[in-house]
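1. compute the structure for the input listed below.
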Amino acid sequence: MPDLQKKPTLSSHLWVIYLLSIILLGVTWYFQWVLGLIMTLFLAASFYYSVRTERTLLNKAEEYISTLSHRIKKVGEEALLEMPFGIVLYNEDYKIEWANPYMNRFSKEDDPIVGDSLNILSEELIPMIKENKSDVWYEIDGYKFQTTIKKEERLLYFFDRTQQAELQTLYHNEQTVLAIIFLDNYEEITQNMDDTLKSQLNSQVTSLLNNWAHNNGLYLKRTSQERFLAVGTKEILQQLEKVKFDILDEVRELNGEQSNPLTLSIGIGLGNVDLPVLGELAQSSLDLALGRGGDQVAIKDEEGKVRFYGGKTNPMEKRTRVRARVISHALKELVMVSDNVIIMGHKSPDMDSLGAAIGILNIAKSNNVEGHIVFDPDDMDTGVYRLVEAIREDEELWQHFIDPEEAKAITGDRSLVVVVDTHRPSMVASESLLKQTEYKVVIDHHRRGEEFIDNPTLVYMEPYASSTAELVTELLEYQPKGLKLKMLEATALLSGIIVDTKSFTLRTGSRTFDAASYLRSKGADTVLVQQFMKEDIDLYVKRSKLIERTRIYNDNIAISKAEPGQTYGPVLIAQAADTLLTLTGIRASFVISEREDGRIGISARSLGEVNVQVIMEKMNGGGHLTNAATQIEDTTIDDAEGLLKDILDDYYEGRESE
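-> Have a look, this model is predicted:
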């Protein structure tokens with residue numbers, strides 16, 4: 001900026017012109033004094049005008065610069081004090097030294113916030129500064145701020161992002177959600193109805209669902225007798241989740257007087273994805289809900305995370321064997337085009353897993369294809385010890401049992417891997433075998449969980465079934481009759497059914513007895529089954545000690561916690577849970593103990609009123625509505641008990657609010 005105190009002078013180029021003019025004027029005076037006089041007067045007038053003009057211009061420039069400087073100073077002050085974002089300076093003790101007027105609106109009193117701790121704005125600020133964070137979001141009095149932290153300058157900038165957050169929330173809430181609604185057992189319930197009752201039921205269901213959709217702002221369209229399509233938003237979905245999809249209860253109560261009420265399953269897809277992908281997520285969710293037995297809602301987002309609601313009823317037994325016959329023929333075709341069949345159950349196989357594997361081995365042999373059962377002698381539960389010893393004595397049958405390493409060596413691209421009694425890859429006897437071939441079959445009676453074997457060629461999952469042995473027995477009935485089922489094989493299958501049904505007392509349907517009858521006709525020895533199921537007195541005493549430590553929780557929940565340092569096998573704690581369920585007034589039982597592998601095991605049982613599968617899934621486990629378990633790592637037995645009680649409290653709170 002120029003020195004405003006310096007007097008204005010003529011420009012240097014004007015001085016040069018005037019100097020030359022004076023020299024020329026002197027010459028003119030010497031030769032023509034009259035002309036010189038005239039020129040002198042003209043030069044004097046010109047000099048006076050030039051000086052006056054330049055001085056006027058300099059004065060105007062000085063005035064303009066002075067005015068501009070004042071305006072800049074004023075704008076700077078206003079920008080600092082009245083700008084629409086906050087500025088705070090704080091000292092080493094995190095107390096506010098200075099704040100622009102914008103921040104005074106957040107003072108809890110009329111006094112300015114200078115001198116107060118940063119906690120007056122938010123108790124989150126000081127910890128964030130100490131953690132060397134440079135940019136954080138938090139809320140002050142309903143305003144959402146993005147805060148930039150300059151720790152070295154002890155300076156904070158507060159940018160109001162409330163409107164931006166509201167727009168983000170609005171965008172989040174308005175995301176499209178697709179739902180596929182399916183009437184689980186519509187066909188079974190209506191097959192014996194006359195047209196009048198069937199029409200009445202259709203009208204009731206349609207009216208109920210239309211009212212539900214209207215009240216919640218959903219678009220609903222019936223696409224078939226059993227299927228509806230609903231379109232809504234994420235905000236609507238959140239409202240439905242708050243009431244835990246009470247529409248499931250309303251549909252179930254439509255014909256509650258029947259022994260098998262109508263139930264509903266809903267598959268929902270959500271996320272910031274294209275509509276075709278959203279539809280695939282909805283269909284995948286529905287498949288998952290139906291695979292878990294129906295009467296529930298499955299919600300899946302674009303990341304594959306799944307949430308479940310409902311699942312209060314036991315799945316209804318199918319009254320037709322059409323699906324079993326179709327699956328049996330499909331399995332036969334797969335076996336016949338395979339080089340060999342590799343069969344495996346879950347780790348630490350039980351009677352059901354081992355019996356079902358032997359049944360699939362018989363199917364392979366019936367179609368003249370080499371079959372092998374993956375069996376690790378070092379991972380054998382005591383509950384199947386006597387059955388394994390009987391198999392060892394049968395050399396023809398025992399030669400088909402191989403360890404996981406041998407299985408890897410003979411499994412190729414054209415091998416067929418059949419997984420029985422589980423669908424979770426982390427639970428199979430040898431997970432690496434699943435990656436050695438594209439042809440995989442899953443046969444299971446458990447409710448489907450989030451974890452599932454990738455790209456199976458054939459899936460036969462029926463949660464209504466008592467056991468996988470029952471499913472495999474039905475498949476055997478439609479296989480070629482050239483190879484007779486041996487007595488030991490039939491007995492192993494029957495053992496699986498008897499163990500899983502607790503001697504035909506739990507999860508038993510008419511087809512369970514049909515399968516048992518078929519096996520009995522093939523030579524299954526019930527006395528030998530009892531021999532397999534016998535236990536040592538030491539195990540009986542250990543189980544009794546577990547039962548002795550039982551405490552009643554919430555009036556009807558039995559929880560037994562083993563002594564710290566005492567380890568128990570999964571079969572023993574499962575047997576203890578079964579025993580507790582027989583006590584008067586007990587609706588569900590849980591047995592907690594340490595395992596030899598260092599994890600905490602929990603076995604859960606119920607009579608159907610309490611969905612122990614949902615409870616165990618919240619602890620990274622799974623199973624059935626009445627039969628579930630989990631194993632927890634990096635925890636103590638006391639912490640596991642505390643977590644279980646918290647989940648039970650949430651479960652009962654949710655049921656009471658429904």
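
2. strands paired with the one helix or strand Ala558 maps to, and their directions?
-> Assigned by DSSP states H and E, Ala558 belongs to strand 557-561. Each strand paired with strand 557-561, and its direction, by DSSP bridges: strand 550-553 (antiparallel), strand 588-594 (parallel).

3. tell me the buried residues in the longest one?
-> Burial within strand 588-594, assessed by neighbour count using 16 or more other C-beta atoms under 10 Å, is assigned to 588-594. (Each C-beta comes from the backbone N, C-alpha and C, glycine too.)

4. starting at the chain centroid, how far to that strand?
-> A distance of 26 Å separates the C-alpha centroid of strand 588-594 from that of its chain, computed with C-alpha atoms, centre = their mean, to the nearest Å.

5. what comes into contact with the helix or strand following that strand?
-> Using DSSP H and E, the helix or strand that follows strand 588-594 in sequence is strand 600-606. Contacts with strand 600-606, where a contact means C-beta atoms under 8 Å, 6 or more residues apart in numbering, come from 568, 570, 573-574, 576-578, 580-581, 587-595, 612, 615-616, 619, 621, 623, 625-632, 635-637, 640, 644.

6. where are the low-confidence patches of the stretch 1-150 of the chain?
-> The stretch 1-150 of the chain contains residues with pLDDT under 70 at 1-18, 25, 64-84, 104-112.

7. in it, which spans are strands?
-> Under the criterion DSSP state E, counting those that start in this stretch, the stretch 1-150 of the chain contains strands at 86-90, 96-99, 135-140, 143-150.

8. Leu648 is nearest to which of those?
-> strand 135-140 (33.6 Å; C-beta to C-beta).

9. run the chain-centre distance for that closest one.
-> 27 Å.

10. how about the CA coordinates for it, as PDB?
-> Extracted in PDB, the C-alpha atoms of strand 135-140 (Å, rounded to 0.1, in the frame of the first residue of the first chain):
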ATOM      1  CA  ASP A 135     -12.400 -34.400  12.400                       C
ATOM      2  CA  VAL A 136     -15.400 -35.600  14.400                       C
ATOM      3  CA  TRP A 137     -19.200 -35.500  14.400                       C
ATOM      4  CA  TYR A 138     -21.300 -35.100  17.400                       C
ATOM      5  CA  GLU A 139     -24.500 -33.400  18.600                       C
ATOM      6  CA  ILE A 140     -25.000 -30.200  20.700                       C
END
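
11. now do it: which elements does it pack against?
-> Where contact means 3 or more C-beta pairs under 8 Å, 6 or more residues apart in numbering; DSSP states H and E, strand 135-140 is packed against strand 143-150.

12. quick check, central residue of this protein?
-> Lys305 (2.7 Å; C-alpha atoms, centre = their mean).

13. quick one, what contacts it?
-> Neighbours of Lys305 in contact, by C-beta under 8 Å, 6+ apart: Glu450.

14. can I get the buried part of the contacts of strand 600-606 as one PyMOL selection?
-> The buried residues among those can be selected in PyMOL (16+ other C-beta under 10 Å) with this line:
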select buried, resi 568+570+573+574+576+577+578+580+581+588+589+590+591+592+593+594+612+615+616+619+621+623+625+626+627+628+629+630+632+637+640+644
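
15. which strand residues bridge Tyr143?
-> Beta-bridge partners for Tyr143, by DSSP bridges, are Ile140.

16. correct me if wrong: it contacts Asp160.
-> Yes: the pair Tyr143 and Asp160 qualifies as a contact (C-beta atoms under 8 Å) at a distance of 5.9 Å.
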